[in-house]
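A.B. asks: need a 3D model of the sequence below.
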Amino acid sequence: MLRTIALYGLALALGAVVLQWLQYRMLVREHPGEIYFALFAAAFLALGMWVGARLFRRPPADFTPNSAARASLGISDREFEVLEHLAAGRSNKEIAQKLGVSPNTVKTHIARLYEKLSAARRTEAIAKARELGLIP
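C.D. replies: Numbers count the residues shown, from 1 in each chain. As a prediction, the model looks like this:
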């Protein structure tokens, strides 16, 4: 909260500096009222939207995986870990490093997941897992 207030104050100070700088420019001398009002309104509109989004952001809802669907499909704990890493967008090599196994083992787990989820590709497997409530 304190950080948000400090950023808000910093943005206001920066806006004031920009307005002072523009005061000496030719554009402001030609159209003083319109430029001030437009810049001031745009800055506060953007700042208000940013502050509103930061202050009133809802925390993500708690997700509990559908254990019944997981059990009915026969997905093992290790296959479920691989599925979570797939959903995070990791490559086979990255998954292997995270789990401490060889990339070939990861390929085997993925192939078994494809069979159990009736999928042909990663994206299809992830989409079906989301539909079944296995992953958020």
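
A.B. asks: which element, helix or strand, includes the closest residue to residue 103 other than its chain neighbours?
C.D. replies: Distance criterion CB to CB, 6 or more residues apart in numbering; nearest residue to residue 103, sequence neighbours excluded, is residue 96 at 4.5 Å. For every residue, glycine as well, the C-beta is placed using N, CA and C. Under the criterion of DSSP states H and E, residue 96 resides in helix 92-99.

A.B. asks: in that helix, what's buried?
C.D. replies: Going by neighbour count (16 or more other CB atoms under 10 Å), the buried part of helix 92-99 is 92, 95, 96.

A.B. asks: give me the pLDDT value at the second one.
C.D. replies: At residue 95, the predicted lDDT confidence score is 95.

A.B. asks: for the one 4 residues further on, same thing?
C.D. replies: Taken from the predicted model, the pLDDT recorded for residue 99 is 94.
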